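Chemist: what's the 3D shape of this:
(2 chains)
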Amino acid sequence: MRISFKLNGKPVTVDVKPNEILLDVLRLKLGVKSVKRGCERAECGACTVLLDGKPVYSCTILAPQVNGHEIVTVEYLASTGELDSLIKAFVDKAAIQCGFCTPGFLLTAYALLKENPNPSEEEVRKALEGNLCRCTGYKKIIEAVLEAAKHFKR
Amino acid sequence: MFYRLPEFNYYKASTLREALELVDRLEDFKVIAGGTDLVMDLRIGRYKPRNIVDISEIKELDYIVDEGDYVRIGALAKLQNIMESPIVRTKAPVLAEAIYQMASWQIRNVATIGGNLCNASPAADTAPPLMVLEAKLKLVSKDGERIVPVTEFFLGPRKTVLKKNELLAEIIVPYEKDAGSSMIKLGRRSAFTLSIVAVATLVKVENGKFKDVRVALNSVAPKPVRARSVEEALKGKKVSLEAIEEASKFVVNDISPISDVRASAEYRREMSIILTRDSLLKSLERIGYKIEG
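Modeler: Sure thing, here's the model as predicted:
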C-alpha cells in the first residue's frame, strides 16, 4: 500500500506493507539514520520521533498509521537551528558518550521545552523516563536539558 | 527488519460504524488503537491474526467530557491527555495519579485507555483506579450497546467479556465527591515499569467512621481485583491506624499472586498488605485525616 506523510517538512510518498513499522520505513526506505534501532520493544527510546509534534516510539507504530501525519527527526531540527541550545548544552555538559541514544533524548527534550520552557528537574526526569542511556548515568543529560532551557527559543 | 511482524490484512476504520461493521464481518482479527501492546504481541508471536482492524483514527471515540456527576472518556482518549485533563484531575484524580505512574511519555502519547482495558493484562494500571471509582464501560456492536461495570469486565489474563463483534466505546467515571483516593504502584524501578503490585483505594468518612471503602489491586491475580475482605472489615469502623492495619491483612483473601520474573508470590502478598495500608492512609490524608503510619 502507498502512504503519504510529511517528513521533516517535506511531503513523502512511499510504498509499504501494512506489517512494516515506522522505524524500518524511516531507516531503510527513507534513509533517516538518526532514528536508531535499539530494543525494538518500546523500552529504550532510541527510535523516538516526533509524531505531530509529540515524542513517540517509531518501533510500535505501523507504517500505515502515519498516513497523513507529520514526522520530525533531529536532521530537520538541527537544520533549522531549533536544536542549537540543546546541542550546545549536551556538548558543554558532556551529556554524550557513545551517542546512540542522543537523537532520541534530543527529540524528547525538545518536545518538553516546546511545551514547558522552564521545567523543574523533576519534570525533566519525568519527561525523559522513556529514554535510556547506558553510558552517562543521566545526571549530565538532565543538567544539559536544564541548561538548554535557559537559552531555548520556542 | 530484525524482528519482522507477521503478515496481515490491514483495514482502517474512520468511523465507529465502519469499525463495527468490520468486526462483525471479519474473522480472525485483532483491533489496533495505539498499538503499544499489540505491536509487541505481534512481534513476539502472542497473536498471529489474519486481519488487523485499525481504529486509531476514529475521532468520535477520542474525548473527555464533564457531565457534572460523572465524566465520560472515549475509549480512544490517549493516556497522556487523560492524565493532563483538568476534568480528570478534579473529578477522578486517582485515575490521573495512576496514569502518571504508567509507561513513558512516548507511550502515553499514543496508548489509549480503551487499549489498556481491552488488552486485559493482569497488570493493567488503569484498572484499579477505575474499579475503585466503580466506572462503567459502554460496549457497542452493530446490534446495539450494553453497559458493563469495570469490575465485571475482566475474565482472566487477556480475556474480557467483549464479544467478537463488540468494541469498547466509552468509560463512564462517576464523580465521587468527598472521597479521598490514592494509587500506589510498586515496580522493579521507580519509573517506566510494569507493576509488581499496584493498589488503588478510595474512602469516605462520616462522623469519624468509614462510610465507604474501596480497594483494588493489579498484578496479584489473573485479573485486576477488588479487595472486598478489606472493604467489609473497615466499613462502619472508627477511623484508626489499628483498624486499617488489621483490615489490610485481609487483602490476602482477595488475591492469588503467582511468582514470575518480576517478583515472588510471597513478596507480592506481603507488599499487597503494606501498600493497601499505605494507600488507605494516603487516601484518608487527602480528606483531612492524618494518621501516623
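Chemist: For whichever residue of the stretch 151-293 of chain B sits closest to chain A, which non-adjacent residue is spatially closest?
Modeler: Residue of the stretch 151-293 of chain B nearest chain A, by Cβ to the nearest Cβ: B:Ala191 (4.1 Å). For every residue, glycine as well, the C-beta is placed using N, CA and C. Closest residue to B:Ala191 apart from its sequence neighbours, by Cβ to Cβ, 6 or more residues apart in numbering or on different chains: A:Glu129 at 4.1 Å.
Chemist: Check B:Lys209 too.
Modeler: Using Cβ to Cβ, 6+ apart, the nearest residue to B:Lys209 is B:Lys238, at 5.5 Å.
Chemist: pLDDT at the one you found, what is it?
Modeler: Here the pLDDT value assigned to B:Lys238 is 97.
Chemist: Show the pLDDT at the closest residue to B:Ile58 other than its chain neighbours.
Modeler: What sits nearest to B:Ile58 in space, not counting adjacent residues and going by Cβ to Cβ, 6+ apart, is B:Leu16, at 5.6 Å. Per-residue confidence at B:Leu16 stands at 98 (pLDDT).
Chemist: where does the residue nearest to B:Ala191 land in three-state SS?
Modeler: Assigned with DSSP: H, G, I helix; E, B strand; the rest coil, A:Glu129 falls in the helix class.
Chemist: sorry, back to before: report whether the residue of the stretch 151-293 of chain B closest to chain A is found in a helix, as I expect.
Modeler: No: assignment of B:Ala191 by three-state DSSP gives coil, placing it outside any helix.
Chemist: Tell me where the chain has strands.
Modeler: You didn't say which chain, so I picked chain A. Using DSSP state E, the strands found in chain A span residues A:2-7, A:10-15, A:48-51, A:54-57, A:70-72.
Chemist: Switch to chain B, please.
Modeler: Going by DSSP E, chain B shows strands at B:9-12, B:29-32, B:51-54, B:64-66, B:70-74, B:136-141, B:144-149, B:154-156, B:159-160, B:167-174, B:180-187, B:195-206, B:209-218, B:225-226.
Chemist: if I look at the residue in chain A positioned nearest to chain B, how far off is A:Phe105?
Modeler: Closest residue of chain A to chain B, Cβ to the nearest Cβ: A:Gly130 (2.4 Å). Noted for A:Gly130: a distance of 10 Å to A:Phe105, by Cβ to Cβ, to the nearest Å.
Chemist: What of B:Ile58?
Modeler: On the measure of Cβ to Cβ, B:Ile58 and A:Phe105 end up 33 Å apart.
Chemist: Comparing the two, which residue is more hemmed in?
Modeler: A:Phe105 (27 against 22; other Cβ atoms under 10 Å in any protein chain shown).
Chemist: Would you agree the more buried one is in contact with A:Leu128?
Modeler: Yes: between A:Phe105 and A:Leu128 there is a contact at 6.7 Å, judged by Cβ atoms under 8 Å.
Chemist: which residues are common contacts for the two?
Modeler: Here A:Phe105 and A:Leu128 have A:Ile141 as joint contacts, going by Cβ atoms under 8 Å, 6 or more residues apart in numbering or on different chains.
Chemist: low pLDDT regions in chain A?
Modeler: For chain A, no stretch is flagged by pLDDT under 70.
Chemist: Near chain B, which residues of chain A are found?
Modeler: A:1, A:17-21, A:24, A:28, A:37, A:40-43, A:45, A:48, A:51, A:54-57, A:59-62, A:64-65, A:108, A:111, A:125-127, A:129-131 (Cβ under 8 Å from any Cβ of the partner chain).
Chemist: Mind checking which of these are buried?
Modeler: A:17-21, A:24, A:37, A:40, A:42-43, A:45, A:48, A:51, A:54-57, A:59-62, A:64-65, A:108, A:111, A:125-127, A:129-131 (16 or more other Cβ atoms under 10 Å in any protein chain shown).
Chemist: Which residue ranges make up the domains of the chain?
Modeler: I'll assume chain A. Residue ranges for each domain of chain A read A:2-73, A:77-151, as given by automatic domain parsing.
Chemist: Chain B, not that one
Modeler: Taken from automatic domain parsing, chain B resolves into B:9-54, B:61-174, B:180-285.
Chemist: quick one: which of the ones you listed is nearest A:Asp92?
Modeler: The minimum distance between A:Asp92 and these falls on domain B:61-174, with 24.8 Å, by Cβ to Cβ.
Chemist: Which stretches in the chain count as helices?
Modeler: All of this is about chain A. A:22-24, A:74-80, A:84-92, A:102-115, A:121-127, A:139-151 (DSSP state H).
Chemist: that's the other chain; I wanted chain B
Modeler: B:16-25, B:38-43, B:79-84, B:86-91, B:93-100, B:105-108, B:113-119, B:127-132, B:228-234, B:241-248, B:265-285.
Chemist: Would you mind finding the most buried of those helices?
Modeler: helix B:127-132 (a mean of 30; mean count of other Cβ atoms under 10 Å in any protein chain shown).
Chemist: OK, contacts around the residue nearest the centre of chain A?
Modeler: Taking Cα atoms, centre = their mean, the centroid of chain A lies closest to A:Leu107, which sits 3.2 Å from it. A:Leu107 makes contact with A:Thr48, A:Val49, A:Leu50, A:Pro55, A:Val72, A:Thr73, A:Val74, A:Leu77, according to Cβ under 8 Å, 6+ apart.
Chemist: Could you tell me the end-to-end distance of stretch A:128-140?
Modeler: 13 Å (Cα to Cα, to the nearest Å).
Chemist: Just the buried positions in it, please.
Modeler: A:Leu128, A:Glu129, A:Gly130, A:Asn131, A:Leu132, A:Cys133, A:Thr136, A:Tyr138, A:Lys140.
Chemist: List of residues touching it?
Modeler: A:38, A:43-46, A:48, A:55, A:57, A:93-98, A:101, A:104-105, A:108-109, A:112, A:125, A:141-142, A:145, B:103-107, B:191-192.
Chemist: mind checking how far the closest residue to chain A within chain B is from B:Arg89?
Modeler: Relative to chain A, the nearest point of chain B is B:Ser104 (2.4 Å; Cβ to the nearest Cβ). Between B:Ser104 and B:Arg89 the computed distance is 20 Å (Cβ to Cβ).
Chemist: Is there proximity between stretch B:256-275 and chain A?
Modeler: No: using Cβ under 8 Å from any Cβ, stretch B:256-275 never reaches chain A; the gap is at least 14.3 Å.
Chemist: send the alpha carbons of that stretch over as PDB?
Modeler: In PDB, the C-alpha atoms belonging to stretch B:256-275 read as follows (Å, rounded to 0.1, in the frame of the first residue of the first chain):
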ATOM      1  CA  SER B 256      -3.900 -15.200  44.300                       C
ATOM      2  CA  PRO B 257      -0.500 -14.000  43.300                       C
ATOM      3  CA  ILE B 258       2.000 -16.000  41.300                       C
ATOM      4  CA  SER B 259       5.800 -15.900  41.200                       C
ATOM      5  CA  ASP B 260       7.100 -14.600  37.900                       C
ATOM      6  CA  VAL B 261      10.100 -12.700  36.500                       C
ATOM      7  CA  ARG B 262       9.000  -9.500  38.400                       C
ATOM      8  CA  ALA B 263       8.500 -10.900  41.900                       C
ATOM      9  CA  SER B 264       7.700 -14.000  44.000                       C
ATOM     10  CA  ALA B 265       4.200 -14.700  45.200                       C
ATOM     11  CA  GLU B 266       5.300 -14.300  48.800                       C
ATOM     12  CA  TYR B 267       6.700 -10.800  48.200                       C
ATOM     13  CA  ARG B 268       3.500  -9.800  46.300                       C
ATOM     14  CA  ARG B 269       1.400 -10.900  49.200                       C
ATOM     15  CA  GLU B 270       3.500  -9.000  51.700                       C
ATOM     16  CA  MET B 271       3.600  -5.900  49.600                       C
ATOM     17  CA  SER B 272      -0.200  -6.100  48.900                       C
ATOM     18  CA  ILE B 273      -0.800  -5.800  52.700                       C
ATOM     19  CA  ILE B 274       1.700  -2.900  53.100                       C
ATOM     20  CA  LEU B 275       0.600  -1.000  50.000                       C
END
